[in-house]
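S.K.: Predicted coordinates and the sequence they were generated for:
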Amino acid sequence: MAFQMPDRGGGPTGPRIRVGRPSRRVRTLLMTLGVLAVLGMAFTMFAGFWTDWLWYRSVNYSSVFTTTLSTKIGLFFVFGLLMAFAVGLNIWLAHRLRPPLSAMSMEQQSLDRYRMGIAPYKKWLLLGVTALVGLIAGASASSQWRTWLMWVNGVPFGEKDPQFKLDVAFYAFDLPWYRFLLGFGFAATILSLIAAALTHYLYGGLRVTSPGARATAAATGHLSVLLGVFVALKAVAYWLDRYGLAVKSSDFKATDNWTGLRYVDANAYLPAKTILFCIAVICALLFFATLWRRTWQLPVIGFGLMVLSAILIGGLYPAIVQKFQVQPNEQAKEAPYVEKNLKATREAYGIDGTQVTEYSGVSKNEDKTKLRDDVGATASIRVLDPNIVSPTFQQLQQMRKYYAFPTNLDVDRYKVKSEDQDTVIGLRELNLAGVDKQNWINNHFRYTHGYGVVAAKGTTADPEGRPAFTESDLPSQGVLGQYEQRVYYGEKTTTYSIVGGPQKEIDYSDDDGEKTTSYTGDSGVNLSSPLNRAAYAVAFGEPQILYSGAIGEGSRVLYNRTPKERVEAVAPWLTIDGDAYPAVVGNRIQWIVDAYTTTNGYPYASRTTLGDTTADSLTATNNTRAVVAQQNQVNYIRNSVKATVDAYTGEVKLYQWDTKDPVLKTWMKAFPGTVEKKSEISPDLMAHLRYPQDLFKVQRELLTRYHVKDATTFLSGSEVWQVPDDPTNKSGDAVPPYYLSMKLPDQQAQAFSLTTTFTPNGRDNLSAFMAVDSEAGTPDYGKIRVLKLPTSTTVDGPKQVQSQFNSQQDIAESIRLLSGGASEVEYGNLLTVPLDGGLLYVEPVYVRGGGLKYPLLRKVLVTYGGNTAFENTLDEALNKVFGTEGTAPPPADQGTNPPPTSQNPTVQEALKDAQEAFTAGQEALKKPDWEAYAKAQKDLEDALKRAEAAQAEADKKAGATGGAKPSPGSSPSSTPSGAAEPGGSPASSPGAKPSPAPSG
């Protein structure tokens, strides 16, 4: 009887439904869509590759792209093919060694259906399996390009570990690569073993329920060899584990991140690893011997002994040694190993040269006049807090809504009349959120860049509490001279711009209207090619790039525009500091970026997590200040590279800073020609380089424990410090370090320094003060000085000083009055200055309130030797604390003070009125009487305007008769004499108008 398919579609009760293949038109459509989808995915992948190549070529770092790409491709193919070959060979061999078919058992009958099912597709299945494992292995291997390049190009450290007497380069460069090879070998062996076992089982070489032998001789020999290879690799692992003990992290009560051998490692684990290595070698030989003996009896016994030995020798024995030898006399046993850890950690983090000096913390100098005079010689105290005054810069110098300043400004030094001046600086960057009409043309063609530098003296404010600007207005003018002011690359510039084509850009706006410009730099990628336009249309997800008429001859696309991402892209082997800062170098604005070389393979050096050790109250509120690669664990770090990014052209330059760093030398071998020599750094640039904050924060965290050199003290934990919490911030995060020009007891003159304080672990009193010389190019650059306070006496720490400020009745009442109504008090950086054996604390107090949207410096808190002052200016507060005005002459004018008072009678009268208005305002502020204060400010503004107008008229007449004219940007009038900056010289704020009075 013939077999007949059932009728699925018809019957006597309904129409017959024909089920068949799709029509030719549908098949053609589906094939077309499939081809288009494949082509689309292929072009998307190509667009990513092509745009990357174009970008690297545009910044002249194409060698970085080609070296990285070729290394990844090489590793992908080599290890992918090796894995595919290993697995494929063992599958083929298992199939080749299959036994001839005999009488079928139930098990073999079930497997026969599978054998018959895959028989037509055996070759394709083999190719598919090998291709899959090859792709996975190749992709995994390509991610190890850094490990490969460091192994191939490794440079000796010239330092040997104390246990095995091997160069540190073995642990930093060689051991990671050997571990990768070992891991790859294990993976290949295990996959081959699984694939071979499955193939043998499928074709009858292995039997689970069938009668007779469980495995054929051929299957036994094949699998024994693979197991022997696995055990041999385990022997290699045991041997490498011996060296791994030198870089192994473990829990130890002396420190949370102990690295290196301890007593139990050297006397139990190390011999145990050696014994296990020998056992594993013997066991592997027994497995290989199965090729001749055709029995697994001895190999299985040997493998069991190896596992038992691993438990007893590798686990139980060290535990016994720790319990009965180490714990009863831990300090004596561990001391030699702690000393090795102390030495290695201090060397690895660059803190081995730290100079620790005893410091009393209490001044014995009773000459108050001398103490008052010593303040100016000891430090240029910065009362302008760069982390608070950004809104003030924004309000007074933003000029247009499409400009903005960073949340945290920067501190730098500039020479003003041959004198170094601590300066708070920020760039007027592009802020697309402030563009009124948001569209593609405006966001990417017309509004393309920021404009100008705004800078202010760090050591003073104007009479109204605003910054004393040394560079201001739009276009910017002041002490910095002529320079290219357009900012195409900045921290806030995160989107792409298309420049240089037919579409004009908004340059800046002034009273005469908008000024336009067209980019003339050679930065960016040219869009004249249709291929380039299509690639960027896909890469940016913006089809208008392909056909927009705003793109034409000369159009270039600028992207990857923040300084940190540009440096990270051209040097992917560097760790980037969280704080890039701008500087005017020559006639250009340059972003300066500090970069680090790191490794976690320095023997005996304790590890640290960069994200944890560099976190403070600033990074908690501004994540852009966090170090790149936050979760990286390292135990060696060097500030080996100083990088610059031109704010106009985007040009990136890398300079070798640490000429002895072997890690940098290794990367310079891998990427030749990418890093310029240190001698190429110009004097102008050198003047603005400084010690990086993130490195300093890592070092200060390590110094909380590693300031001691004695193993016994280290183990006791009696001198453990901590970085105090920021007393001016309620977040509970660590206090950030502060840049300050100051002089410590062993220094002859002030030096630009980075400073911080320590308190004892779990307490708030001060235990030490730390500063590092940040004057680049000087012999002492990078020298860390620690002033250690005695443990027998108690000196107030930052938190206690802040509490004193808040608890004094008169100060608390003044704060309450200042913060009355809609006003808000903000505390600035609490600065600590060692002075004649004691400690001077200075904290500016800002008020933001009423109609003001920005903070103004209103008061200065100062304490020294138990005396506290809360006054309008730093000078007044210092005078009150020391009970004298001192005898030191006022400092020379630094470029922000107005010229001498005009002799014009009209100007003199207006200035007299201004002085009276200013005095009235100060009296009203003390009460406080905000209504009277507002009236006084209005009178002051009117008087200054009259003086300015009278002086302008006099200058006009003088110009007609050949008289001298005042310099651009200078004011014709003197500041009211009651407003004195530190040292007694009057302060002014060129270009800024008096602010409205705060509301009470």
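M.R.: Now that the structure is in, tell me what you want to look at.
S.K.: list the contacts for the nearest residue to residue 352 once chain neighbours are set aside?
M.R.: In space, and not counting its chain neighbours, residue 352 is closest to residue 346: 4.0 Å by C-beta to C-beta, 6 or more residues apart in numbering. The way it works is simple: take the backbone N, C-alpha and C, and place the C-beta from them, glycine included. Residue 346 sits next to 352, 354, 706 when contact means C-beta atoms under 8 Å, 6 or more residues apart in numbering.
S.K.: In ChimeraX, select just the buried ones from these.
M.R.: Of those, the buried ones can be selected in ChimeraX as follows, counting by 16 or more other C-beta atoms under 10 Å:
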select :354,706
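S.K.: So which of the contacts of residue 346 belong to strands?
M.R.: Using DSSP state E, no member of those falls in strands.
S.K.: Narrow the contacts of residue 346 to those in helices?
M.R.: The members of those that map onto helices under DSSP state H are residue 706.
S.K.: what about the strands in the stretch 301-450 of the chain?
M.R.: Here the stretch 301-450 of the chain has its strands, by DSSP state E, counting those that start in this stretch, at 355-358, 379-380, 403-404, 410-416, 419-427, 429-430, 450-451.
S.K.: for the last one, packing partners?
M.R.: Put plainly, it is strand 450-451. The helices and strands touching strand 450-451, judged by 3 or more C-beta pairs under 8 Å, 6 or more residues apart in numbering; DSSP states H and E, are strand 486-487.
S.K.: Please apply the same query to the first one.
M.R.: Of the remaining helices and strands, those touching strand 355-358 by 3+ C-beta pairs under 8 Å, 6+ apart are strand 784-788.
S.K.: And for the longest one?
M.R.: Contacts defined by 3+ C-beta pairs under 8 Å, 6+ apart place strand 419-427 against strand 410-416, strand 453-461, strand 467-472, strand 581-585, strand 738-742.
S.K.: And it, what's buried?
M.R.: Going by neighbour count (16+ other C-beta under 10 Å), the buried part of strand 419-427 is 420-427.
S.K.: Single out whichever of those residues has the smallest pLDDT.
M.R.: pLDDT is lowest at residue 420 among the buried residues of strand 419-427; the value there is 84.
S.K.: So for the nearest residue to that one once chain neighbours are set aside, what pLDDT did the model give?
M.R.: Leaving aside its sequence neighbours, residue 420 sits nearest to residue 413 (C-beta to C-beta, 6+ apart; 4.9 Å). Here, the pLDDT recorded for residue 413 equals 91.
S.K.: Just give me the neighbour total for residue 413.
M.R.: 21 (other C-beta atoms under 10 Å).
S.K.: count of neighbours near the closest residue to residue 741 other than its chain neighbours?
M.R.: Of all residues not flanking residue 741 in the chain, residue 380 sits nearest, at 4.2 Å (C-beta to C-beta, 6+ apart). Residue 380 sits with 23 neighbouring residues when counted by other C-beta under 10 Å.
S.K.: List the contacts of residue 380.
M.R.: 422, 458-459, 740-742, 750.
S.K.: Equivalent analysis for residue 215, please.
M.R.: Per C-beta under 8 Å, 6+ apart, neighbours of residue 215: 200, 205-207, 223.
S.K.: contacting residues for the closest residue in space to residue 392 that isn't next to it in sequence?
M.R.: Distance criterion C-beta to C-beta, 6+ apart; nearest residue to residue 392, sequence neighbours excluded, is residue 854 at 4.3 Å. Residues near residue 854 by C-beta under 8 Å, 6+ apart: 389, 391-392, 394-396, 848.
S.K.: Tell me the confidence at residue 854?
M.R.: At residue 854, pLDDT is 86.
S.K.: That one and residue 744: what is the separation?
M.R.: 35 Å (C-beta to C-beta, to the nearest Å).
S.K.: Same check on residue 491?
M.R.: Counting by C-beta to C-beta, the gap from residue 491 to residue 744 is 33 Å.
S.K.: Spell out the secondary structure type for residue 89.
M.R.: For residue 89, the assignment made with DSSP: H, G, I helix; E, B strand; the rest coil gives helix.
S.K.: For it, which non-adjacent residue is spatially closest?
M.R.: residue 192 (7.8 Å).
S.K.: Residue 762 now?
M.R.: residue 722 (7.5 Å).
S.K.: How about the one you found: which residues does it bridge to?
M.R.: Beta-bridge partners recorded for residue 722 (DSSP bridges): residue 759.
S.K.: number of nearby residues for it?
M.R.: That count, for residue 722 with other C-beta under 10 Å as the rule, works out to 17.
S.K.: residue contacts, the nearest residue to residue 469 once chain neighbours are set aside?
M.R.: In this structure, residue 469 finds its nearest non-sequential neighbour in residue 456, 4.9 Å apart by C-beta to C-beta, 6+ apart. Applying C-beta under 8 Å, 6+ apart, one finds that residue 456 lies in contact with 384, 389, 393, 423-425, 467-470, 472.
S.K.: switch the cut-off to 10 Å
M.R.: Residue 456 makes contacts with 384, 386, 389, 392-393, 396-397, 409, 423-426, 462, 466-472, 478, 896, 989, 992, as judged by C-beta atoms under 10 Å, 6 or more residues apart in numbering.
S.K.: And for residue 593?
M.R.: 562-564, 566-568, 571, 574, 576-577, 579-581, 641-645, 652, 654, 692.
S.K.: Narrow those residues to those in helices?
M.R.: Going by DSSP H, the helices hold 563-564, 566-568 from these.
S.K.: any idea which of these is closest to residue 280?
M.R.: Distances from residue 280 to the ones in helices among the contacts of residue 593, taken as C-beta to C-beta, are shortest for residue 568 (42.9 Å).
S.K.: What is the neighbour count of that closest one?
M.R.: 20.
S.K.: That one reaches residue 578, doesn't it?
M.R.: No - using C-beta atoms under 10 Å, residue 568 is not in contact with residue 578, being 11.9 Å away.
S.K.: what ranges of the stretch 401-550 of the chain fall below the confidence cut-off?
M.R.: Residues of the stretch 401-550 of the chain meeting the criterion pLDDT under 70: none.
S.K.: could you pull out the helices for the stretch 751-900 of the chain?
M.R.: 798-807, 809-818, 874-882 (DSSP state H, counting those that start in this stretch).
S.K.: buried residues in the second one?
M.R.: Same thing as helix 809-818. Quick answer for helix 809-818 (16+ other C-beta under 10 Å): 811, 814-815, 817-818.
S.K.: tell me which strands and helices the helix or strand where residue 56 lies is in contact with?
M.R.: Element membership of residue 56, judged by DSSP states H and E, is helix 24-58. When contacts are defined as 3 or more C-beta pairs under 10 Å, 6 or more residues apart in numbering; DSSP states H and E, helix 24-58 packs onto helix 62-96, strand 525-526, helix 530-539, strand 556-558, helix 563-570.
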